[in-house]
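J.: The following block contains a protein sequence and its predicted model.
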Protein chains: 2
Amino acid sequence: MNSSSTRRQATRAKLYEAAVTLIAEQGFSATTVDEIAERAGVAKGTVYYNFKSKTELFEELLRFGVGLLTASLQEAADEAERRGGTKIEALDGMIRAGLVFIDRYPAFTQLYVAELWRTNRAWQSTLMVVRQQAVAVVETVLREGVERGELSEEIDIPLTAAALVGMVLVAALDWQAFQRERSLDDVHAALSRLLHGRVGGC
Amino acid sequence: MNSSSTRRQATRAKLYEAAVTLIAEQGFSATTVDEIAERAGVAKGTVYYNFKSKTELFEELLRFGVGLLTASLQEAADEAERRGGTKIEALDGMIRAGLVFIDRYPAFTQLYVAELWRTNRAWQSTLMVVRQQAVAVVETVLREGVERGELSEEIDIPLTAAALVGMVLVAALDWQAFQRERSLDDVHAALSRLLHGRVGGC
DNA sequence: GCTTTTGCACTGACCAGTCAGTTCAAAAAA
DNA sequence: TTTTTTGAACTGACTGGTCAGTGCAAAAGC
């Protein structure tokens, strides 16, 4: 049972890997199950042995990917806490963690952004849940920062969290798509400056 | 001749209107030409009488929409200039203009974000051009701000522009999708605070 | 001896694009 | 003025192709 379930896990991983790239490039509807199977080096029947449908494969992929992102944001936040840093430092660390994630899994990020605000889709509810997990990590850090008096009491936590996530997401995707020559440190520096309010004179 | 060309324009407008909503909701591939025609109250043949293909309809829609956005950003920048405001004030006005645009055309914004970072798509080149127009407006204001000494010389213009655009885009879409109860002023205030660096103590 | 994977033929729904034909307002003819 | 003609705009049934999902017997792995 144990060895056979790792075997299943391996084919699932191959299918995720294949699906994420294809769907990021072409979108969900334009990507065929035959393509996914071929890219994964697996028979079409295997896709349906492992997943109920194309949609279910995609939903599990979303859960899987956002799980990774959330964990890595949380880890960055905990790391700052452990070192006794400020919450601004924690946010800075999370920006970097976000960039590293996007750098490693650009296709997933692309796909996530493309699907997030669609309405009337089968996986809408899955996305809502999964988005909330990720944003909640940022909101928590903001809330703790306000409580400790490190952040202004007047900030609007949900909106600021959304704006910060957006800033990182879009800057990173733009970097990947249109400004490949820049280093991760360049991007991090630019975002960090914005976070610290060092754009205007101040 | 005159009345017939306005008739054409009217059907084209109806088709844009129908297509933008459907594609924003479902994506390009998942939206059928039959659906677009039905929503527009027009026969399928009419779509093909007015546009070479489904893709061409979509490309013209992109050009049309980003044209509107660029114009409204530029207008906000000019308005600040006319009043002799600082470049930070200009950026603030552009943030508001962006929010107003997204509030009025949420479907278009959704669709733009969903398609922007896809690779291997037929309209890729159209999108590149059109994105550059929009980002260039922001970059110009940043550059002028640095020249005048109002903004730090150390900011990275292309990356900061991308980050600002992303901040507005994502915060606004999140507002529309998940935080409907907030007012445009709330969202503007939150973003403005981030722009002015009033999140941390400073 | 189970679970898992393969290979492949098949079905039925769906859909982009076509095309022969219709509509109608305005120009030309009577 | 009335009648006829013209052609741009529009219509919707139809076609050829594509694709999600099925079924199943045989092989491979554990």
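T.: Yep, it's here. Owing to the predicted nature of the structure, the values given are computational and were not obtained by experimental measurement. Residues are numbered from 1 along each chain as shown, chains lettered A, B, ... in the order given.

J.: what sits against residue A:146?
T.: Going by Cβ atoms under 8 Å, 6 or more residues apart in numbering or on different chains, residue A:146 touches A:152-153, A:155, A:157. The way it works is simple: take the backbone N, C-alpha and C, and place the C-beta from them, glycine included.

J.: List the buried residues in the longest helix along chain A.
T.: Using DSSP state H to define each element, chain A has its longest helix at helix A:54-82. Judged by neighbour count using 16 or more other Cβ atoms under 10 Å in any protein chain shown, the buried positions of helix A:54-82 are A:54, A:57-62, A:65-66, A:69-70, A:72-74, A:76-77, A:80.

J.: can you tell me if that helix touches DNA strand D.
T.: Yes - against DNA strand D, helix A:54-82 shows contacts by Cβ under 7 Å from any atom of the strand at A:54-55.

J.: Centre of the chain to the next helix or strand after that helix, how far?
T.: Moving toward the C-terminus from helix A:54-82, the next helix or strand (DSSP states H and E) is helix A:87-104. The chain centre lies 11 Å from the centre of helix A:87-104; the measure is Cα atoms, centre = their mean, to the nearest Å.

J.: go on, stretch A:177-188?
T.: On Cα atoms, centre = their mean, the centre of stretch A:177-188 falls 18 Å from that of its chain.

J.: Using neighbour counts, pick out the buried residues of that stretch.
T.: Per 16+ other Cβ under 10 Å, stretch A:177-188 contains these buried residues: A:177-178, A:182, A:187-188.

J.: On the three-state scheme, the residue lying closest to residue A:31 once chain neighbours are set aside is what?
T.: The shortest distance from residue A:31 to any non-neighbouring residue, by Cβ to Cβ, 6 or more residues apart in numbering or on different chains, is to residue A:22 (4.5 Å). State at residue A:22, reduced to three classes by DSSP: H, G, I helix; E, B strand; the rest coil: helix.

J.: now swap in residue A:180 and tell me
T.: What three-state DSSP gives for residue A:180 is coil.

J.: Flag every buried residue along stretch A:130-144.
T.: Buried residues in stretch A:130-144 (16+ other Cβ under 10 Å): A:130-131, A:133-135, A:137-142.

J.: Let me see the mean pLDDT of that stretch.
T.: Mean pLDDT, computed over stretch A:130-144, is 94.

J.: Give me the residues contacting that stretch.
T.: Stretch A:130-144 has contacts (Cβ under 8 Å, 6+ apart) with A:62-63, A:66-67, A:69-70, A:73-74, A:77, A:87, A:90-91, A:94, A:116, A:151, A:155, A:157-158, A:160-162, A:164-165, B:178.

J.: what mean pLDDT would you report for whichever strand or helix holds residue A:160?
T.: For residue A:160, the host element (DSSP H and E) is helix A:157-178. Helix A:157-178 carries an average pLDDT of 91.

J.: If you compare the directions of that helix and helix B:157-178, what angle comes out?
T.: Between helix A:157-178 and helix B:157-178, the angle comes out at 130 degrees (axes from the mean of the first three to the mean of the last three Cα atoms, to 10 degrees).

J.: What's the first helix or strand after helix A:157-178?
T.: Note on helix A:157-178: by DSSP H and E, the next helix or strand toward the C-terminus is helix A:184-195.

J.: Point out the other helices and strands that that next one packs with.
T.: Applying 3 or more Cβ pairs under 8 Å, 6 or more residues apart in numbering or on different chains; DSSP states H and E, one finds that helix A:184-195 makes contact with helix A:87-104, helix A:157-178, helix B:157-178.

J.: how about these in TSV, adding distance to DNA strand D?
T.: Listed next are these as TSV, based on distance: least, Cβ to the nearest atom of the strand, whole Å:
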stretch	distance to DNA strand D
helix A:87-104	27
helix A:157-178	25
helix B:157-178	26
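
J.: Any chance of the ones you listed in TSV with distance to residue A:27 as columns?
T.: Converted to TSV, the helices and strands packed on helix A:184-195 look like this (distance: least, Cβ to Cβ, whole Å):
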stretch	distance to residue A:27
helix A:87-104	19
helix A:157-178	16
helix B:157-178	18
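
J.: Any idea which of those helices gets closest to residue B:27?
T.: With Cβ to Cβ as the criterion, residue B:27 lies closest to helix B:157-178 of these, at 15.4 Å.

J.: Is the closest one in proximity to chain A?
T.: Yes - interface with chain A: helix B:157-178 contributes B:158-160, B:162-171, B:173-178 (Cβ under 8 Å from any Cβ of the partner chain).

J.: Tell me what angle that helix forms with helix B:87-104.
T.: For helix B:157-178 against helix B:87-104, the angle by the same axes, to 10 degrees is 40 degrees.

J.: Output helix B:157-178 in PDB with nothing but the alpha carbons.
T.: Extracted as PDB, the C-alpha positions of helix B:157-178 are listed here (Å, rounded to 0.1, in the frame of the first residue of the first chain):
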ATOM      1  CA  ILE B 157      11.700  53.400 -12.600                       C
ATOM      2  CA  PRO B 158      10.500  50.400 -14.700                       C
ATOM      3  CA  LEU B 159      10.200  48.200 -11.600                       C
ATOM      4  CA  THR B 160       8.500  50.800  -9.500                       C
ATOM      5  CA  ALA B 161       6.100  51.600 -12.300                       C
ATOM      6  CA  ALA B 162       5.200  47.900 -12.600                       C
ATOM      7  CA  ALA B 163       4.800  47.600  -8.800                       C
ATOM      8  CA  LEU B 164       2.500  50.700  -8.600                       C
ATOM      9  CA  VAL B 165       0.300  49.500 -11.500                       C
ATOM     10  CA  GLY B 166       0.100  46.000  -9.900                       C
ATOM     11  CA  MET B 167      -0.800  47.500  -6.500                       C
ATOM     12  CA  VAL B 168      -3.700  49.400  -8.000                       C
ATOM     13  CA  LEU B 169      -4.800  46.600 -10.300                       C
ATOM     14  CA  VAL B 170      -4.800  43.800  -7.700                       C
ATOM     15  CA  ALA B 171      -6.200  45.900  -4.900                       C
ATOM     16  CA  ALA B 172      -9.000  47.100  -7.100                       C
ATOM     17  CA  LEU B 173      -9.900  43.700  -8.400                       C
ATOM     18  CA  ASP B 174      -9.900  42.300  -4.900                       C
ATOM     19  CA  TRP B 175     -12.100  45.100  -3.900                       C
ATOM     20  CA  GLN B 176     -14.600  44.300  -6.700                       C
ATOM     21  CA  ALA B 177     -14.500  40.600  -6.100                       C
ATOM     22  CA  PHE B 178     -14.200  40.100  -2.400                       C
END
